[in-house]
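>>> After the sequence you'll find the predicted model.
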Amino acid sequence: MTVEVATATADRFDDVAVMLGPKRPDATVCWCLSHRVDARTNRELIGPARGEYVRSLCGRDQGPGVLAYEDGEVAGWAAVAPRSELPFARSRKIPHVDDLPVWSVWCIRVRPGFRRRGISHELLSGAVTYARSQSAPAVEGYPVDNQGAKVDPTLAYVGTRGLFEQAGFTRAADTRSVSGGFPRVLMRLPLDPAGSSPSGA
């Protein structure tokens with residue numbers, strides 16, 4: 001098994017759609033926008049407009065996330081972006097530790113059939129590598145502190161504290177946010193700006 005991580009760019013949009021898009025093109029699903037755009041924009045983007053918005057994000061200089069490929073087939077997605085561009089910048093439940101212009105990783109998804117193979121770890125590592133390549137001073141995540149208990153698969157996209165700890169993150173603060181009945185914690189990893197972007201960036 002060979003896993004590679006690449007930045008989500010315009011030429012990889014079809015793979016982004018595999019990870020995030022609905023089975024019916026006109027269906028209104030998250031498209032990983034619920035925590036990327038403000039509430040009004042999120043309500044206004046209906047059906048195919050959501051996919052087109054993500055397509056435009058993939059065409060920007062900074063991609064909206066990273067994709068994992070197992071033996072060339074898309075297997076996972078992780079959203080990563082400057083916190084200043086996200087609703088997290090104004091959250092009343094997730095605090096700011098300091099004034100650093102940190103990046104956030106808030107969604108990690110692995111396709112059915114590819115799970116339990118360590119791909120979430122590769123995705124988180126790739127998201128960190130991409131943030132570093134964009135001169136991010138630190139990366140934050142807001143996973144659940146589930147203490148080893150099983151997490152509902154539909155809510156597992158936020159990640160677990162253990163996943164982030166294995167990637168070198170440490171708890172920086174508690175939050176007032178809860179997911180799937182578990183409290184979420186703010187995990188942070190300081191970055192050395194030196195480094196390269198994921199394969200395909």
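Ah, there it is. Keep in mind that what you see is a predicted model, and the values were worked out from it rather than measured. Residues are numbered from 1 along each chain as shown.

>>> Can you verify residue 173 is assigned to a strand?
Yes. Counting by DSSP: H, G, I helix; E, B strand; the rest coil, residue 173 is located in a strand.

>>> Next one: it from residue 47, what distance?
Distance from residue 173 to residue 47, counting by C-beta to C-beta, to the nearest Å: 37 Å. No exception for glycine: its C-beta is placed from N, CA and C like everyone else's.

>>> what do you get for residue 146?
Using C-beta to C-beta, residue 146 is found at 34 Å from residue 47.

>>> Give me the more crowded residue out of those two.
Higher neighbour count among residue 146 and residue 47: residue 146, with 19 against 14, using other C-beta atoms under 10 Å.

>>> State the three-state secondary structure for that one.
Residue 146 - assigned by three-state DSSP - is coil.

>>> Touching, it and residue 161? I think so.
Yes. With contact defined as C-beta atoms under 8 Å, residue 146 counts as touching residue 161 (7.1 Å).

>>> Neighbours of residue 152, how many?
Using other C-beta under 10 Å, residue 152 has 11 neighbouring residues.

>>> got the contact list for it?
residue 180 (C-beta atoms under 8 Å, 6 or more residues apart in numbering).

>>> again with residue 162
Residue 162 neighbours (C-beta under 8 Å, 6+ apart): 146, 148.

>>> Quick one: mean pLDDT for the helix or strand that contains it?
Assigned by DSSP states H and E, residue 162 belongs to helix 161-166. Computed over helix 161-166, the mean pLDDT rounds to 97.

>>> Need the overlap of contacts for residue 146 and residue 161.
With C-beta under 8 Å, 6+ apart, residue 146 and residue 161 have no common neighbours.

>>> Name the single longest helix found in the chain.
Longest helix in the chain, counting residues (DSSP state H): helix 119-133.

>>> Dump stretch 92-108 to CSV, restricted to CA.
The C-alpha trace of stretch 92-108 is given here as CSV (Å, rounded to 0.1, in the frame of the first residue of the first chain):
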residue,chain,number,x,y,z
ARG,A,92,-17.8,31.8,21.1
LYS,A,93,-17.1,28.2,22.0
ILE,A,94,-13.6,27.7,20.7
PRO,A,95,-11.1,30.2,22.3
HIS,A,96,-8.1,32.0,20.8
VAL,A,97,-5.0,30.9,22.7
ASP,A,98,-3.0,34.0,21.4
ASP,A,99,-2.8,36.3,18.4
LEU,A,100,-0.7,34.1,16.2
PRO,A,101,-2.2,33.8,12.6
VAL,A,102,-2.6,30.0,13.0
TRP,A,103,-4.1,27.6,10.5
SER,A,104,-7.0,25.2,11.4
VAL,A,105,-7.6,21.6,10.5
TRP,A,106,-11.3,20.9,11.2
CYS,A,107,-12.4,18.0,8.9
ILE,A,108,-10.7,14.7,8.3
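
>>> for that stretch, which positions count as buried?
Residues 94, 102-108 are the ones in stretch 92-108 that count as buried (16 or more other C-beta atoms under 10 Å).
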